[in-house]
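Asker: Return atomic coordinates for the entry below.
(3 chains)
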Amino acid sequence: MHAFEISHPATDRRHPRWRAWLLLAPMLVWLVAFVVVPTAILFVYSFCERDEMGRVIFSFTLENYQRVFDPIYLRVFIRSIAYAGVVTAICVVVGFPVAYCIARAREEWRQKLLLLVMVPFWTSFLIRTYAWITILKQEGLLNDLIKLLPFSVAPFDLLYTPTAVIIGLVYTYLPFMILPIFGSAEKLDIAMIEAAHDLGAGPLRVFSSVVIPLTMPGIAAGVLLVFVPAIGMFAITDLMGGARVPMIGNVIQNQFLQARDWPFGAALGMVFMGMFALTYWILLRMRRSEAIT
Amino acid sequence: MLPLASRPFLPSGLKLLNWCLRSWTALVFIFLYAPIAVLVVYAFNASRLNIVWTGFTLRWFNDLLGQTALIRAAQNSLIIATLTTALSVILGTLGAWLLHRYRFRGARSIQTLLTVPMVIPEILMGISLLVFFAAVGMSLGFSTVIIGHVTFCFPFVLVAVQARLQGLDPSLEEAALDLGATPLRAFWLVIVPSLRPAIAAGALMAFTLSLDELIVTFFTTSAASATLPIRVYGMAKVGLNPMLNALSAIFIIATVAFVIFTNYLRKLRH
Amino acid sequence: MKSSVTQLTALAALLCATSVFAKEELNLFGWSEYVPEAVLTGFTKETGIAVNFETFASNEELLAKLVAGGGNYDLVQPSDYAAELMIRQKMLAPLDAGQLPNLKNLAPDFTHRPHDPANKFTVPYMGGTVGIVVNTETVKTPIHGYADVFQAKFKDRIVVLNDNREIVSWALNTLKLPVNEINAAALAKARPVVAEWIGLIKLYDSDSPKTALLNGDVDIGIVWSGEAALLWNENKKFQYVLPAEGAHQFLDVLAIPADAKHKAAAHKFIDYILRPEVSKLISEKFPYTNPNAATRKLLSADELANPASYPAAGKLESFRDIGKAAGDIDRLMTDLKSSR
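Answerer: Numbering: from 1, shown residues only, chains lettered A, B, ... in the order given. Okay, here's the model as predicted:
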């Protein structure tokens, strides 16, 4: 089963002519001007020294990169990746059924349901998070609901714990899993499902052998759009986790703010982004060679 | 090809599965709207500090009317988000199509480069963009903010559209070309309509990301283009004013009302 | 769809244009909400000068944006240690006392702080302290200092500021070491103290520590005096105590950047703020310590009685800029926090 794409016949791909390059140009220019150049600036910064204000002094040093590989920061990296991984996995399990349902809803309802998934996130982030705090706090709504239960359950002390952070993160990233899966699953070929069923497959088998493979591109997209931003995320950890445990996002931000060490922050960022980009590029290579064989 | 839902006799296994999926979806929607319900209810809370419910009042909605700075910030946010979404959709859709359609050297590198704005910590993006703008002498304001927003929003559109392209029937374009359409017309008249759900998904994501963006905006904005998150962020110090709840409540209610209204119009037309 | 995009672009262009066509204007970069809108509109009404108020939420953000090359500001609002750094880096313009007749309103104990002893570059805006706030309904034992706060019985009932330098300075205070001398030896001594404290703290919050206290999730907090003052206004059970081992006193100031374009307007604004009735508006919204002696006479008895706004005397110390040592503090705290 191909993890990432359905292969096309080789004749399909053409080499781009000048018109295609013209259309590609805006995006390329944008990428160069606003992604490559700023990243290059950071790259230069990472080899510089700093003054007392934290600004860069253009004198070459490798000290920043040496400091990056300190076990302190390694711990923080790994923790951020672990949180992002857990959140992504939960989002896939929780979000896939929702995307599937919306994709198979009646035509006029589809766009509306999609909109309704996103609308909660058009409120201010701080207000939304404080609303969660109101729900999860010790004298909060969740514990009030618990009291109404017929059997006695100990009140939850969720706030400022990793559980609260995971809840907050899943809440924030769920739409970014649901939407891409919907986008790719929307015109699922019903004939395939019917065919599988006619061949005697039970509902679960239909799901695992037909639906999931066909929606794989969407799931892969969702995983990308959740995991990647989640590794750098720290605002939720600070608000719902009480800033008890630093994430890599916190550490990098601190270097530019309180710790006043821009070059080191740039170095941390370079290593962080570099490791990710390298892993992604290697995965792309593997996928390409898989498709060819 | 009948949609599965309207087949007359559904086997019970599949029916059960459908029922489970729908209930799950309902639960997820409850999860998504739980804090929103709390937020809206507290917009009517008499207490200023928004911690305990003390009584019903409409005064926050009233106070909101006089808050010119806050309203202007909200307007800025909407304008910036809309323009960002438009640009992101164009860049993202074109980019996804071209990367999918053509094979050329450097495609993998471009694909990797696209993930950089998603993975880069916001402070790094904000500061590097500011240094860049200062170096080229570009003054801060709406354009710099929008540039920042589009840069990290359009990859989301691109990835969503790419996912759909990968499942798209390649014979679609071939058929259009065989009928005499230029590649451009084939793209516009045949491919784009079939990409619509993915474009819609990408546009929604871009809009949402832009509305809530704080750090990159902080470094690339001027006073005139300040967005709502920037104004809101420091307000926590004095206690988040319930006026913000009122503002959010208005937003939610307006959007949900719009959805219901258009649904009603459609029903009338039939 | 297409026409609405053009409409919106036109609107955006118009908004940009109108800010260019404004006559005399003042570009103020300050703390969110620290300058009430009433003050800004009052100033504009009287002088005709439009105020473009841009906000930040921490001193470090202010410094980072200025250093990266952002914005032409005419007036900024740093805290004392940030101002000290900016003075040393020659980023501020000297003030013209002749344009500031209302300077005489300031109380003397605010005008000769170590960051700017001669008040050449800065004017005090609001002052404050960092101290202990106690929920006296749930905490019956007397709390006088950091040692009393960080006891095992208060485990997971404490909120502190999410400020690494603050936390380390409290540890140095309990060890009777000077808070402005940050070196390897001092940090090594502070390390076990802070490590022990971290095990007792429930959460860190610099933006709104009052939330956790009001919610009842914690009973004791080490917070800004303004937060404590808001808590006291909400419920008198929240008592404020200046730690006996030593407390951080800070001063937020107004200053004019060296490359400001509207220095005269900036001076006018500073003088406007120093008027007693204007300063009163600020105190009403933001109950920090008002350095304006003339305003103190206008404040209500309730406002003056607030123990957080106007605390009894205590051992107070200002933060000095520590330069590169800030990085060492950050490393220590990251290590301790992430090894839990």
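Asker: The residue nearest to residue C:242 when sequence neighbours are not counted: what's it in contact with?
Answerer: Distances taken as Cβ to Cβ, 6 or more residues apart in numbering or on different chains place residue C:314 nearest to residue C:242, at 3.4 Å, with adjacent residues excluded. Backbone N, C-alpha and C define where each C-beta goes, glycine included. For residue C:314, the contacting residues are C:129, C:131, C:242, C:243, C:244, C:247, by Cβ atoms under 8 Å, 6 or more residues apart in numbering or on different chains.
Asker: Return the set of buried residues in the longest helix seen in chain B.
Answerer: Identified as the longest helix of chain B according to DSSP state H is helix B:68-101. Applying a neighbour-count criterion of 16 or more other Cβ atoms under 10 Å in any protein chain shown, one finds B:70, B:72-74, B:76-89, B:91-101 buried in helix B:68-101.
Asker: for stretch C:319-336, same thing?
Answerer: C:319-323, C:325-336.
Asker: which bits of the stretch 1-150 of chain B sit near chain C?
Answerer: Within the stretch 1-150 of chain B, the positions lying close to chain C (Cβ under 8 Å from any Cβ of the partner chain) are B:49, B:51-52, B:67-69, B:76, B:79, B:82-83, B:86, B:127, B:130-131, B:133-135, B:140-143.
Asker: picking that back up, list the helices and strands the longest helix of chain B packs on?
Answerer: helix A:18-31, helix B:107-119, helix B:142-166, helix B:192-211, helix B:228-233, helix B:242-269, helix C:2-21 (3 or more Cβ pairs under 8 Å, 6 or more residues apart in numbering or on different chains; DSSP states H and E).
Asker: Just want the angle from that helix to helix B:107-119.
Answerer: Relative orientation of helix B:68-101 versus helix B:107-119 (axes from the mean of the first three to the mean of the last three Cα atoms, to 10 degrees): 160 degrees.
Asker: between helix B:68-101 and helix B:242-269, how big is the angle?
Answerer: Using the same axes, to 10 degrees: helix B:68-101 against helix B:242-269 is 50 degrees.
Asker: related to what we said a few turns ago, for the helices and strands packed on helix B:68-101, which one ends up most surrounded?
Answerer: Highest mean neighbour count among the helices and strands packed on helix B:68-101 (mean count of other Cβ atoms under 10 Å in any protein chain shown): helix B:142-166, with a mean of 27.
Asker: I'd like the next helix or strand past it.
Answerer: For helix B:142-166, the succeeding helix or strand toward the C-terminus, using DSSP states H and E, is helix B:171-178.
Asker: Tell me where the chain is predicted with low confidence.
Answerer: This is for chain A. Low-confidence regions of chain A, defined by pLDDT under 70, span residues A:1-14, A:16, A:188-191, A:288-293.
Asker: not what I meant, chain C
Answerer: Ranges of chain C meeting pLDDT under 70: C:1-23.
Asker: Get me the contact residues on it for chain A.
Answerer: Neighbours of chain A within chain C, by Cβ under 8 Å from any Cβ: C:58, C:60-61, C:63-64, C:67, C:85, C:89, C:159, C:162-165, C:201-205, C:211-212, C:215-217, C:321, C:323-324, C:326-327, C:329-331, C:334-335, C:337-340.
Asker: which among those end up buried?
Answerer: C:58, C:60-61, C:63-64, C:67, C:85, C:89, C:159, C:162-165, C:201-205, C:211-212, C:215-217, C:321, C:323, C:326-327, C:329-331, C:334-335, C:337-338.
Asker: Can you flag which of those belong to strands?
Answerer: In strands, judged by DSSP state E, the following of those are found: C:159, C:201, C:202, C:203, C:204.
Asker: Now residue C:29: which helix or strand?
Answerer: Applying DSSP H and E as the criterion places residue C:29 in strand C:25-31.
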